[in-house]
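In: Quick one, fold the following:
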Amino acid sequence: MYVASQMVKGNKRLSHTFEILILVLIVVLCFIIRLFSVIRNESIIHEYDPYFNYKLSNLLKENGLYSFWNYFDDMSWFPLGRATGQTLFPGLMITTYLIHKICHSMGLFIDIKNICIYIGPVFSVFTCILTYYLTKEVYNKKGRNSGGAALIAALFVSISPAHISRTVAGSYDNESISIFLLILCVYNWIKCLKEGTLFSVVLCSLSTYFMGLSWGAYIFIINSISLFMLAIIILKKYNIKYCIIYNVYYILTTILCLNIPCINKSIFTSIEHLAMHGIYLISNLLLFCNFITNIFNLDEEKIKNIFIKICFIIFFLIFKFLIFADKLSWSHRSRTLLDPTYASKHNPIVASISEHQPTTWGSYYFDIHLVLFFLPIGLYECFKKNANIELFFLGIFTTLCMYFSSLMVRLLLIFSPFVSILSSIGLSSILSTLIEFADKPREVKLADFDENNKKPEDKCSTNNNSVKQNINNAKLETKQEHWNENENENKDVVENNCNNVIKNKIKEKKTPNEISENKSKLIIISILSIIVLLFFLGVLIILHSTWCASIAYSESNITFYSRNNEGGRYINDDIRQMYKWIKENTESDSKIIAWWDYGYQLNAMSNRITYIDNNTWNNDQIANIGLILSSNEKNGYEELKKFDPDYLLISYGGYSKNSSDDLNKFLWIIKIANKKYNFISPLLYYYHENAHPLGSNATSFMANSILYKLSYYNITNEKVKGFDYARKIEVPKIQNLKYFEEVFTSDIWGFRLYKIKQFV
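Out: Numbering: from 1, shown residues only. Next comes the predicted model:
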């Protein structure tokens, strides 16, 4: 091991080639591990939001950027519509459009749908490579094995389950490219701290701008940089260069973000951006303080302390006035991050989304796995006394990620690349320490053996003679003692006792070289055991990540595997069957009511008018649909007349064993309706929030509600046999509907479409 490491160290070109070769293998693994969904099923787009993104990407390709930017969607949120081009993050669509243009200019005529499907795995490769260079940048110091740490970081990121969940083939969402952009922002900011050039600051601002175009988490990066500046000011680690860098970054980023329609003036009116402005003022006051002290030759330390105290008092007063006077606005998601109970109390729409729930330890273990165990060592490397400023920033950023990921499970995605980087630094630190310790010379320098400046051969012979003489003397002394005490004792016993004493004295007279050799063997065995243990943990991480990629995160909610009552496996394709039937058998101007989860898919795959969708921008309209679903037939029909719909779509999982159907969401539907209509109380439908009073135990409000009746209508036929397999209950007969007519039910009863009768 020592010889091999010295050979690699001695040949930099060989070392670099070896690193690049390993990085290529990691990149290949990163790409292919995300293709399980395509290999096992087919090339399709997953989930709900990606279908909306695909629809707009297709629109951008067909009509160009100007039409896309000013697009108004009159087929969603009927009758209000939505100014789509001004209310979304267009970065993903623009990136897809540019890739499509580049491919066609090179003669590669790739359909835009395939680009949408594979953009996640492609950008995960870019993320993996950038993670490698970021780790080398922050951990590059004399005596450190930055290449090894960088390769481990690239491996951890490439197989991180949290990262895989958003970058598998078919996952066409904002996060598919935004994690790469997030790491790019961090990388460019670290380059700013290191180089301090105008070019590096411009690159950092541009990457933040593109992050703002693509995902709402741009707020996280600008606030993290602001908090880092605040930390180095408080700890007095700042200098003039850092203040100037931040000022240029602030000005450029603010100007660029003003040109993003979905951000625009909110950069000045929302509390999420307040820290950015405050730190800008403080940094300029510090620059002014430095100017004053240089002009008038004042005590710099004293003046700075006074200025810092004044700045913080002013900033605190402004912050307090703006927040408590309601001059600035919070977004619901930001409030949820500061107060995890806020959404459940004040905004059930946000609370109903599983991604917005607080993170459990099980989620950490599942999505981060054993990589998390090495994080404390990486944080120690960042915050120890002699750590460089780049590592210090990375430590602050990762700590913020760790805190916010505990409040919202979707933020594990942001945490995963940085826990991978710091864990790789921690693991590399352990391995480097062990290998350096094992590579130390085994010879022990002893002053007693160097006094006469003898040759090694003379020393060895002298040592051997002295040992032999000591053994003979010990033998004679021991024999004499025993013969004097008892001359009649058995001679064999005396000899045995003599031999035992001689062995003990031989042990006492062992040479330091022999002791050193034994200790070296013990140390090497211990080090090898630790390395084998770490290798075993690495294998467990890879196996777990592969399982997550192939099973947990490659199952599409469009087509997925289910099992029938006999245990047979079949593909559940109800969703596409229903949307295809709607597209082919209903009028092109048909208006369909469905819960907001299915709005994007219904609009994109069936090309029909919808009332609510996954954008959830109008809480009142969502509450109106909740009121309709929770009302009885007569009252619900009166409410339906106000919207003039043609059909009502219900998701039912009682036969296909789908636990995410509308009945399981009914509690949230009622809570959302209750925010506008106080007479819709969950206690009228549920005995307790965690109970399911369905079937024979259903309350009168539950049994008469439209959602309940349309889900269980004609459920007692020969195929379904009146049993709800998802909730494991028997269902009473519901045969007569006055205001609704069943027009289509999918093969496995996953979706049911009802026509709303006119003039009843």
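In: show me where the stretch 651-760 of the chain has helices.
Out: 666-674, 700-704, 706-712 (DSSP state H, counting those that start in this stretch).
In: What is the longest one packed up against?
Out: Helix 666-674 sits against helix 348-352, helix 619-630, helix 706-712, with contacts defined as 3 or more Cβ pairs under 8 Å, 6 or more residues apart in numbering; DSSP states H and E. Just so you know, the C-beta spots here come from the backbone N, C-alpha and C atoms, and that holds for glycine as well.
In: Now mean neighbour count, distance to residue 638 and mean pLDDT too, for the ones you listed, in JSON lines please.
Out: JSON lines is the format used below for those (neighbours: other Cβ atoms under 10 Å; distance: least, Cβ to Cβ, whole Å; pLDDT from 0 to 100):
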{"stretch": "helix 348-352", "mean neighbour count": "20", "distance to residue 638": "24", "mean pLDDT": "86"}
{"stretch": "helix 619-630", "mean neighbour count": "21", "distance to residue 638": "10", "mean pLDDT": "95"}
{"stretch": "helix 706-712", "mean neighbour count": "23", "distance to residue 638": "12", "mean pLDDT": "94"}
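In: Turn these into CSV, including distance to residue 547.
Out: Formatted as CSV, these follow (distance: least, Cβ to Cβ, whole Å):
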stretch, distance to residue 547
helix 348-352, 29
helix 619-630, 37
helix 706-712, 34
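In: What pLDDT does the model give residue 236?
Out: As predicted, residue 236 sits at a pLDDT of 82.
In: I'd like to know how many residues surround it.
Out: Using other Cβ atoms under 10 Å, residue 236 has 11 other residues around it.
In: Tell me the spacing between it and residue 399.
Out: 20 Å (Cβ to Cβ, to the nearest Å).
In: okay, now the domains of this structure?
Out: Taking automatic domain parsing as the criterion, the chain consists of the domains 2-32+89-270+329-436, 458-510, 572-756.
In: rank the ones you listed by mean pLDDT and give me the bottom one.
Out: Of all these, domain 458-510 has the smallest average pLDDT, which comes to a mean of 49.
In: just checking, what packs against the lengthiest helix in the chain?
Out: When the chain is parsed with DSSP state H, its longest helix is helix 512-547. Judged by 3+ Cβ pairs under 8 Å, 6+ apart, helix 512-547 is in contact with helix 161-167, helix 412-438.
In: Helix 412-438 and that one, what's the angle between them?
Out: Taking axes from the mean of the first three to the mean of the last three Cα atoms, to 10 degrees, one finds that helix 512-547 is oriented at 160 degrees with respect to helix 412-438.
In: Show me how far helix 512-547 is from its chain's centre.
Out: Relative to its chain's centre, helix 512-547 lies at 31 Å (Cα atoms, centre = their mean, to the nearest Å).
In: what residue is smack in the middle of this protein?
Out: Central residue of the chain (Cα atoms, centre = their mean): residue 413, 1.3 Å from the mean position.
In: Would you agree that one is in contact with residue 174?
Out: No - distance between residue 413 and residue 174: 10.8 Å, which falls outside the contact criterion (Cβ atoms under 8 Å).
In: immediately after the longest helix of the chain, which helix or strand?
Out: Scanning forward in sequence from helix 512-547 by DSSP states H and E, the next helix or strand is strand 560-563.
In: And that following strand, what's buried?
Out: By neighbour count with 16 or more other Cβ atoms under 10 Å, strand 560-563 contains the buried residues 560, 562.
In: again, but for stretch 630-650
Out: Using 16+ other Cβ under 10 Å as the test for burial, stretch 630-650 gives 630-631, 633, 636-637, 640, 643, 645-650.
In: among those, which two are most distant?
Out: 630 and 646 (21.1 Å; Cβ to Cβ).
In: related to what we said a few turns ago, nearest to residue 656 among the helices and strands packed on helix 666-674 would be which one?
Out: Once the helices and strands packed on helix 666-674 are compared by Cβ to Cβ, helix 706-712 is nearest, at 12.5 Å.
In: Can you get me the centre-to-centre distance for that closest one and its chain?
Out: Using Cα atoms, centre = their mean, the offset of helix 706-712 from its chain centre is 38 Å.
In: In PDB, list the C-alpha atoms belonging to it.
Out: Extracted in PDB, the C-alpha atoms of helix 706-712 (Å, rounded to 0.1, in the frame of the first residue of the first chain):
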ATOM      1  CA  ILE A 706     -71.000  13.400  -3.400                       C
ATOM      2  CA  LEU A 707     -67.400  12.100  -3.200                       C
ATOM      3  CA  TYR A 708     -68.600   9.100  -1.100                       C
ATOM      4  CA  LYS A 709     -71.500   8.300  -3.400                       C
ATOM      5  CA  LEU A 710     -69.600   8.600  -6.600                       C
ATOM      6  CA  SER A 711     -66.700   6.500  -5.300                       C
ATOM      7  CA  TYR A 712     -68.900   3.600  -4.100                       C
END
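In: Mind listing residues that contact that helix?
Out: With contacts defined as Cβ atoms under 8 Å, 6 or more residues apart in numbering, helix 706-712 is touched by 628-633, 636, 648, 650, 652, 654, 661-663, 666, 669, 694, 698, 702, 724, 731-732, 734, 737, 740, 752, 754.
In: Contact partners for residue 188?
Out: Applying Cβ under 8 Å, 6+ apart to residue 188 gives the contacts 200, 203-204, 207.
In: With distance to residue 121 added, can I get these in a markdown table?
Out: Formatted as a markdown table, the contacts of residue 188 follow (distance: Cβ to Cβ, whole Å):
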| residue | distance to residue 121 |
| --- | --- |
| 200 | 30 |
| 203 | 26 |
| 204 | 27 |
| 207 | 21 |
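In: List the buried residues for the helix or strand where residue 267 lies?
Out: Residue 267 belongs to helix 266-269 when assigned by DSSP H and E. Buried residues in helix 266-269, counted by 16+ other Cβ under 10 Å: 266-267.
In: Return the distance of it from the chain's centre.
Out: Between the centre of helix 266-269 and the centre of its chain there are 27 Å (Cα atoms, centre = their mean).
In: Now find how far off-centre the helix or strand that comes right after that helix is within its chain.
Out: As assigned by DSSP H and E, the chain's next helix or strand after helix 266-269 is helix 274-296. The chain centre lies 36 Å from the centre of helix 274-296; the measure is Cα atoms, centre = their mean.
In: helices or strands next to helix 274-296 in the packing?
Out: Short answer (3+ Cβ pairs under 8 Å, 6+ apart): helix 274-296 packs on helix 218-234, helix 240-257, helix 300-324.
In: and it, what's its mean pLDDT?
Out: The average pLDDT within helix 274-296 is 85.
In: right, and residue 560 touches residue 569 too?
Out: No - Residue 560 is beyond contact range of residue 569, at 11.0 Å (criterion: Cβ under 8 Å).
In: contacting residues around residue 409?
Out: Counting by Cβ under 8 Å, 6+ apart, residue 409 touches 354-360, 363.
In: Can you give me the distance of it to residue 157?
Out: 19 Å.
In: And for residue 146?
Out: Plainly put, residue 146 is 16 Å away from residue 157 if you go by Cβ to Cβ.
In: same deal with residue 662?
Out: Using Cβ to Cβ, one gets 38 Å for the distance from residue 662 to residue 157.
In: okay, those two: which has more neighbours?
Out: Just comparing residue 662 and residue 157: by other Cβ under 10 Å the higher neighbour count belongs to residue 157, 31 against 23.
In: Next up, the contacts around the more buried one.
Out: 30, 127-128, 131, 163, 416-417, 420-421.
In: Greatest separation within those residues: which pair is it?
Out: 30 and 421 (15.1 Å).
In: Quick check: buried residues in stretch 733-750?
Out: Buried, per 16+ other Cβ under 10 Å, within stretch 733-750: 734, 737, 739-740, 744-746, 748-750.
In: Spit out the contact partners of residue 205.
Out: Residue 205 sits next to 248-249, 252-253, 256 when contact means Cβ under 8 Å, 6+ apart.
In: 10 Å - rerun?
Out: If you count contacts by Cβ atoms under 10 Å, 6 or more residues apart in numbering, residue 205 has them with 185, 188-189, 192, 248-257.
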